[in-house]
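> need a structure here:
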Amino acid sequence: MQVRGLLLLLVLILLAATAEAGKNKKEKAKKDGSECEDWRWGPCVPNSKDCGVGYREGTCKDESKKLKCKIPCNWKKKFGADCKYKFESWGGCSAQTGVKTRSGILKKALYNAQCEEIVYVTKPCSSKIKSKSKGES
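Residues are numbered from 1 along each chain as shown. The predicted model follows:
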């Protein structure tokens, strides 16, 4: 009978500790968070050069915040790091221009970024002629 009493006491202590931890999390979120729900975020501005770690500023009514962000150094700067696109395969090489083209459709705009729905990218055609790999005859 004493074992049951000890188990019951242990369960009550764990429940009380869990409830107290939940209160602390809610209080912390209120303290750090904001009542405002309509945040407007600016672009990610790198600390140095044109890529790497930086900050983005946000405003909502009279409040403002800064969030850490990062622009990958191999990113297509033309589109911005907050616009994510799904690209189709590269098209054929144009003999007149010497470039090939593909389009991308907007998949996601982060932080309410202003993104174009469809973008087009080009790259020079390869001057190399692909040869067969060594294993083939």
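
> Contacts only, for the nearest residue to residue 120 once chain neighbours are set aside.
Distance criterion C-beta to C-beta, 6 or more residues apart in numbering; nearest residue to residue 120, sequence neighbours excluded, is residue 103 at 5.1 Å. To be clear about C-beta, it is placed using only N, CA and C from the backbone, and glycine gets the same treatment. With contact taken as C-beta atoms under 8 Å, 6 or more residues apart in numbering, residue 103 is in contact with 87, 88, 118, 119, 120, 121.

> now, which of the residues you listed sits nearest residue 69?
Using C-beta to C-beta, residue 119 comes nearest to residue 69 of the contacts of residue 103, at 21.1 Å.

> give me the low-pLDDT residue ranges for this protein?
Within the chain, the segments meeting pLDDT under 70 span 1, 3, 5-12, 14-34, 75-77, 128-137.

> 90 instead?
Scanning the chain for pLDDT under 90 picks out 1-46, 48-52, 61-62, 70-84, 95, 110-114, 126-137.

> Could you chop it up by domain?
Per the TED database, the structural domains of the chain span 36-72, 74-128.

> Just put those domains in a markdown table and tack on distance to residue 13.
Formatted as a markdown table, these follow (distance: least, C-beta to C-beta, whole Å):
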| stretch | distance to residue 13 |
| --- | --- |
| domain 36-72 | 38 |
| domain 74-128 | 44 |
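
> can you tell me which of the ones you listed comes nearest to residue 2?
Among the domains of the chain, domain 36-72 comes nearest to residue 2, with 53.3 Å by C-beta to C-beta.
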